[in-house]
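In: sequence unknown, structure follows:
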């Protein structure tokens, strides 16, 4: 719960969606128990990985390989206890996809990959998977370009954990347009893009050319990120508040359940995501009718493209963060364009509801 990565939130949403469809879903994790409310109707089981988390990818590979037999025993025990027919490994590395041991006969092994795995993990993970799930056609196309066999691959988007509210009337959207520009800083690969965007936003003059205040928050519980994550958060916070930049403000760290409300008070979300980013914040922003500006990389064209309606919301990566800010300003100068884009964003978010994504999963991987 409250992990900085979108994968955990997407996993939680899928589990809840499957449970609502009448299936029993169990989440298995090596992370210590979360001290607080969990997910209604979802069991969470702990496994022993004999390693302290967070850790580096190299250490995790070593831990998985050295404890493969013990991990197999634990998974077999859980499969028997819950009479499970399918095990979804949520990543080639971090989701134990590279585990070199088999599951019981008749139990399907499904691998989910948000981005193409490292070559060290791809071969062992893909060779044992009965089916592979990717979050967008972009990942599927990248696999095709590598010449991988994708006959058993399925593009299934990640689901919203929090259901979209009712559509916002035009009067609310017009007031929303006068809100601030929001940036949700994640800990990990996205941090570089966020830092570059914050630096660009700092240099915006507080005059008629910059009409919008900027508010930044970290989508993580800071105690779960480890020393590297804490250092990155401190750097982001310093960019925003270190020199008291008048038009920028820092919010406290935002837990999962509070992100939709935090985003709903924005006029625009800028998502400076790297190519492998899930775009979970973008989906959550669209669910509260907030337009999203991002780079034309990875999953973002597929997520945001249908909301453009002839207007550009996507910048080329080599044009840099100033272009993202310019796109936001252009959108906000036209009330009509803004309201139409916000409504299109909300409509797009309906494609990511838990019930719809759970059904897509069941169509691709039928459960008994």
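Out: Great, that's in hand. From a predicted model like this one, the values you see are computed outputs, not experimental measurements.
In: rest of the way, CA atoms for contacts and neighbours
Out: OK.
In: so what's the residue lying closest to residue 163 once chain neighbours are set aside up against?
Out: Computed as Cα to Cα, 6 or more residues apart in numbering, the closest residue to residue 163 that is not its neighbour in sequence is residue 353, at 6.4 Å. With contact set as Cα atoms under 8 Å, 6 or more residues apart in numbering, residue 353 has these partners: 159, 160, 161, 163, 164.
In: Verify the stated contact: the first one with residue 8.
Out: No - the criterion here is Cα atoms under 8 Å, and residue 159 misses it with residue 8 at 11.2 Å.
In: neighbour-wise, which of these two wins?
Out: Just comparing residue 159 and residue 8: by other Cα atoms under 10 Å the higher neighbour count belongs to residue 159, 30 against 14.
In: Assign a three-state SS to that one, would you?
Out: Remark: residue 159 carries the secondary structure label coil [criterion: DSSP: H, G, I helix; E, B strand; the rest coil].
In: Tell me who's in contact with it.
Out: Contacts here follow Cα under 8 Å, 6+ apart; on that basis residue 159 touches 10, 13, 14, 352, 353, 354, 357.
In: Quick check on it: phi, psi?
Out: Here the main-chain torsion angles of residue 159 (degrees, to the nearest 10) amount to phi -100, psi 160.
In: ok, for it, nearest residue in space, not its chain neighbours?
Out: residue 352 (4.8 Å).
In: outside of the helix or strand harbouring residue 330, which residues touch it?
Out: Element membership for residue 330 (DSSP states H and E) is helix 321-332. Outside of helix 321-332, the residues within contact range by Cα under 8 Å, 6+ apart are 177, 196-197, 200-201, 210-211, 268, 270, 272, 293-295, 312-315, 337-338.
In: after that helix, next one along is what?
Out: helix 335-349.
In: quick one: average pLDDT of stretch 140-152?
Out: Confidence over stretch 140-152, taken as the mean pLDDT, stands at 93.
In: Return the set of buried residues in it.
Out: Along stretch 140-152, the positions that meet the burial threshold by neighbour count (16 or more other Cα atoms under 10 Å) are 140, 143.
In: now do stretch 161-178
Out: Those buried within stretch 161-178 under the rule 16+ other Cα under 10 Å are 161, 162, 163, 164, 173, 176, 177, 178.
In: what about it, distance to the chain center?
Out: On the basis of Cα atoms, centre = their mean, to the nearest Å, stretch 161-178 is displaced by 22 Å from the centre of the chain it belongs to.
In: Do me a favour and get the end-to-end distance for it?
Out: 28 Å (Cα to Cα, to the nearest Å).
In: when you give positions from now on, start the count at 9
Out: Sounds good: first residue 9 from here, last item stretch 169-186.
In: Can you give the contact residues for that stretch?
Out: Residues external to stretch 169-186 that are found in contact with it (Cα under 8 Å, 6+ apart): 17-18, 20-22, 24, 220, 265, 268, 273-275, 295-297, 340, 343, 346-347, 350-351, 354, 357-358, 361-362.
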